[in-house]
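> just the structure for this:
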Amino acid sequence: MQAGNGSNGGIGRKGSRCITAAVALFAASPAIAATPAGTPIANTATMTRTTDGGVEALASNTVTLTTAEILDVTIAADRATATARNGETVAIGFVLTNTGNGQEDYLVTIGSGTAGLSLDRLAIDSDGDGVYSAATDQTLAPGAAVPLALGQTIRVFALLDGAQVTAATAITAVATARTGSGAAGTAYPNGGDGGGDAVVGSTGATATATTQLALTTGVPTLAKTQSVLAPDGSARAIPGAIVTYRLVASFPGATRGVVIDDPVPTGTAYVPGSLRLDDAVLSDASNDDAGSATTTAIRVALGDVATAGSRSIQFSVKIQ
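Predicted structure coming up:
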């Protein structure tokens, strides 16, 4: 449930109490589609009797319950390791999921094992592409909560200044339900959606994920060479000669969202089927592999490079 009634956003803002063991057993129950929190459950019984005039129906009074809100959450790191470079903003992604049965606000805090790191900058992956963009992704104010509907998943970026990172460290994200947390079965009377109780689920309404942050001082490089084979067997750049370009991309560490583009030079034509990645043939069409080629340019999308190393790209054009 969202915070209200002048809440300061602290955990456990309503008095907690332990519910009966029978209710607490929900933590061990098999996964089924949960009834949304706040749903009223009403029941009326009917009794019939036979009289001289026929069958008469008599209704009982109606009893009503409000479905309690289960407070649960999971959080997972986008990747096990990330790399910081001096002068660059480091965006570390964590995927947050509301696994309870109602609307809930979650407080996300970021910590590390290194003193001096500023860790209060957070952003929402507004466009859902998994890559931080200052232009499109929503920045959160320090201490702001992340509202999530039943079953909703969202990515949160922890933003760090790479200049502050002087050694490898662990970056830890902790997500906690704003309504309350604690041992499974702890209840917050009237704290759930629709005015029902809120009850802590099997996760304790809090979850933790960690990414190991490594430091690198280098930046990726891209080097290009060319070779020429003319129809007469020479290396002269004459009409009909085939020019083969080779690109070597070198990475000093983990690098995100790598895409390499190279235009087809004026006065030449791309040789169909010549695109290679690490000597493996790539298709010219845009499909499931990393490459694509047109009459005007080639593109190879390497995506996230996990570790230090190099990748080579090759393609050919014909001088007109």
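> now the strands for the stretch 151-300 of the chain?
With strands called from DSSP state E, counting those that start in this stretch, the stretch 151-300 of the chain shows them at 153-161, 169-177, 186-188, 198-200, 206-216, 221-229, 242-251, 255-263, 268-270, 276-277, 280-281, 291-293, 297-305.
> return the set of buried residues in the last one.
Neighbour counts over strand 297-305 (16 or more other CB atoms under 10 Å) mark Ile298, Arg299, Val300, Leu302, Val305 as buried. All C-beta spots, glycine's among them, are computed from the backbone N, C-alpha and C.
> now these as CSV including pLDDT and distance to Gly162?
Listed next are those as CSV, based on pLDDT from 0 to 100; distance: CB to CB, whole Å:
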residue, pLDDT, distance to Gly162
Ile298, 96, 31
Arg299, 95, 28
Val300, 96, 26
Leu302, 94, 21
Val305, 86, 17
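> show me where pLDDT drops low in the stretch 1-150 of the chain?
1-32, 86-87, 115-116 (pLDDT under 70).
> that one: strands as residue ranges?
17-18, 40-43, 46-51, 54-59, 63-66, 69-71, 73-77, 81-85, 89-98, 104-112, 122-124, 138-140, 145-148.
> Ala207 is nearest to which of the ones you listed?
Ala207 lies closest, by CB to CB, to one member of the strands of the stretch 1-150 of the chain: strand 73-77, at 4.4 Å.
> not counting its own residues, what contacts the closest one?
By CB atoms under 8 Å, 6 or more residues apart in numbering, the residues outside strand 73-77 that reach it are 92-100, 104, 106, 108, 173-177, 203, 205-211.
> just the buried subset of those, please.
92-100, 104, 106, 108, 173-177, 203, 205-207, 209-211.
> with distance to Gly218 as extra columns, can I get the strands of the stretch 1-150 of the chain in a markdown table?
Listed next are the strands of the stretch 1-150 of the chain as a markdown table, based on distance: least, CB to CB, whole Å:
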| stretch | distance to Gly218 |
| --- | --- |
| strand 17-18 | 55 |
| strand 40-43 | 61 |
| strand 46-51 | 78 |
| strand 54-59 | 79 |
| strand 63-66 | 59 |
| strand 69-71 | 45 |
| strand 73-77 | 24 |
| strand 81-85 | 8 |
| strand 89-98 | 15 |
| strand 104-112 | 23 |
| strand 122-124 | 26 |
| strand 138-140 | 29 |
| strand 145-148 | 35 |
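> out of those, which gets nearest to Thr169?
strand 104-112 (4.9 Å).
> measure Ala308 to Leu148 for me?
37 Å (CB to CB, to the nearest Å).
> meant to ask about Phe315, not that
46 Å.
> convert the C-alpha atoms of stretch 78-98 to CSV, please.
Only the C-alpha atoms of stretch 78-98 are listed here, as CSV (Å, rounded to 0.1, in the frame of the first residue of the first chain):
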residue,chain,number,x,y,z
ASP,A,78,21.3,-7.0,-14.1
ARG,A,79,24.8,-8.5,-14.1
ALA,A,80,27.2,-9.9,-11.6
THR,A,81,30.0,-7.5,-12.5
ALA,A,82,30.2,-3.9,-13.8
THR,A,83,33.1,-1.6,-14.7
ALA,A,84,33.8,2.0,-13.6
ARG,A,85,36.0,4.4,-15.6
ASN,A,86,37.2,7.7,-14.4
GLY,A,87,35.0,10.6,-15.6
GLU,A,88,32.1,8.4,-16.6
THR,A,89,28.7,7.9,-14.9
VAL,A,90,28.4,4.3,-13.9
ALA,A,91,24.8,3.0,-14.1
ILE,A,92,24.2,-0.3,-12.3
GLY,A,93,20.9,-1.9,-13.0
PHE,A,94,18.7,-3.8,-10.5
VAL,A,95,15.4,-5.4,-11.4
LEU,A,96,12.7,-4.8,-8.8
THR,A,97,9.4,-6.9,-8.8
ASN,A,98,6.3,-6.6,-6.6
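> deepest-packed of the strands of the stretch 1-150 of the chain, please.
strand 69-71 (a mean of 30; mean count of other CB atoms under 10 Å).
> can you list the strands that that strand pairs with?
According to DSSP bridges, strand 69-71 forms sheet pairs with strand 198-200 (parallel).
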